[in-house]
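Asker: What would the 3D arrangement of this be:
(one chain, ligands or ions: 1)
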Amino acid sequence: MSTIFITGSSSGIGKETAKLFAEKGWTVIATMRTPEKEKELTSYENVKLYPLDITKPEQIEETVSAVLAEHEVDVLFNNAGYGMKARFEDMTEEIMWKSINTNLLGMVRVTQKFIPYFKAKRSGIILTTTSLAGEMGLILDGVYAADKWAVTGLCEMLYSELAPFGIQVKTLVPGVVKTRFVMEQIPNEGYEEMVKNQVQLLIPDMEQVEDASEAAQDAYTAVTDGDKDRMCYVTGKRAKELYAKRQEMGGEGFRRYVRNALMQKEEK
Ligand SMILES: NC(=O)c1ccc[n+]([C@@H]2O[C@H](COP(=O)([O-])OP(=O)(O)OC[C@H]3O[C@@H](n4cnc5c(N)ncnc54)[C@H](OP(=O)(O)O)[C@@H]3O)[C@@H](O)[C@H]2O)c1
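Answerer: Numbers count the residues shown, from 1 in each chain. Have a look, this model is predicted:
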């Protein structure tokens, strides 16, 4: 039986992934900031809850060491994240730090802890939830955009750096998924029309917003498809379309396409 270690398992994509892997017979190390509040995952015999706030290095040390003393881990799924919506000039130090500390440094800390372990056993998969916001420029994403691009870049770098040790590095790239992911809102005056256009670009059909269970299914595919060469798993119909458009148009063409779509004026 294989074992997956998941960060941010208390809700959304992390929780659905924990449930799916458990149902497929895996041992799931479901980590979260407040395991004492968890009511659903406790009903699975093969799901083990551990406390983990990825902004706390000492807790990462403690939890990862405790887990590795008891379990052989095959997959690390870096999934925890924090979002914001702000005009770039309005981001506070506090919000910027929370974003970088969670999305970028949190992922770095947990991954660093697992690399020597995976290197020693010469196998392992590191799957990380990035975002379409790490593949294209979406307005008002603030430092979240930088974090997700940075994490995408890190994964691409590690894809080669860890390959000689049999470690596979993969990304799960969601567009818009129905979860309780709320991007911290800071007033966005002056961007009302662009925001409407951006929502239209990302969600042309509200009926088709992706469920977290679909993202979990794609996480499962990324881990189990046996494809040692593929890094990027875009999840969700619209995200796949936009990602394909970027490949097809190239970086410059796609950037212009997005900017023009966001700047379109509403017909009166
Ligand atoms: N939903 C979308 O549309 C979307 C799109 C693109 C990318 N994503 C990415 O998908 C991932 C999962 O988000 P989701 O959509 O499933 O939203 P979600 O339901 O809000 O889940 C976010 C998870 O991250 C956890 N978390 C936040 N800060 C943490 C910290 N410091 N340490 C440990 N855990 C922490 C949350 O835990 P608590 O319960 O303790 O807060 C929660 O379990 C994130 O990386 C997000 O950036 C989501």
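
Asker: Burial check on whichever residue of the stretch 51-200 of the chain sits closest to the ligand, number of neighbours?
Answerer: Proximity of the stretch 51-200 of the chain to the ligand (Cβ to the nearest ligand atom) peaks at G81, 2.3 Å away. C-beta here means a position set from N, CA and C on the backbone, and glycine is covered the same way. Taking other Cβ atoms under 10 Å as the criterion, the count of residues near G81 is 25.

Asker: Tell me which residues touch the residue nearest to it when sequence neighbours are not counted, please.
Answerer: Of all residues not flanking G81 in the chain, N103 sits nearest, at 5.4 Å (Cβ to Cβ, 6 or more residues apart in numbering). Neighbour list for N103: G81, Y82, Y144, D147, K148, V151 [criterion: Cβ atoms under 8 Å, 6 or more residues apart in numbering].

Asker: re the thing from before, element containing the residue of the stretch 51-200 of the chain closest to the ligand, please.
Answerer: Using DSSP states H and E, G81 falls within no helix or strand.

Asker: now for the lowest-mean-pLDDT helix or strand in the chain, which elements pack on it?
Answerer: Here the helix or strand of the chain ranked lowest by mean pLDDT, DSSP states H and E is strand 184-185, holding a mean of 76. If you count contacts as 3 or more Cβ pairs under 8 Å, 6 or more residues apart in numbering; DSSP states H and E, strand 184-185 packs onto strand 84-85.

Asker: The strand it packs on and the ligand, are they touching?
Answerer: No - judged by Cβ under 6 Å from any ligand atom, strand 84-85 stays clear of the ligand, getting no closer than 10.6 Å.

Asker: any idea which helix or strand carries T31?
Answerer: Applying DSSP H and E, one finds T31 within strand 27-32.

Asker: Run through who's touching that strand.
Answerer: For strand 27-32, the surrounding residues in contact (Cβ under 8 Å, 6+ apart) are 1-10, 14-15, 18, 21-22, 38, 41, 44, 46-52, 63, 67, 71, 73.
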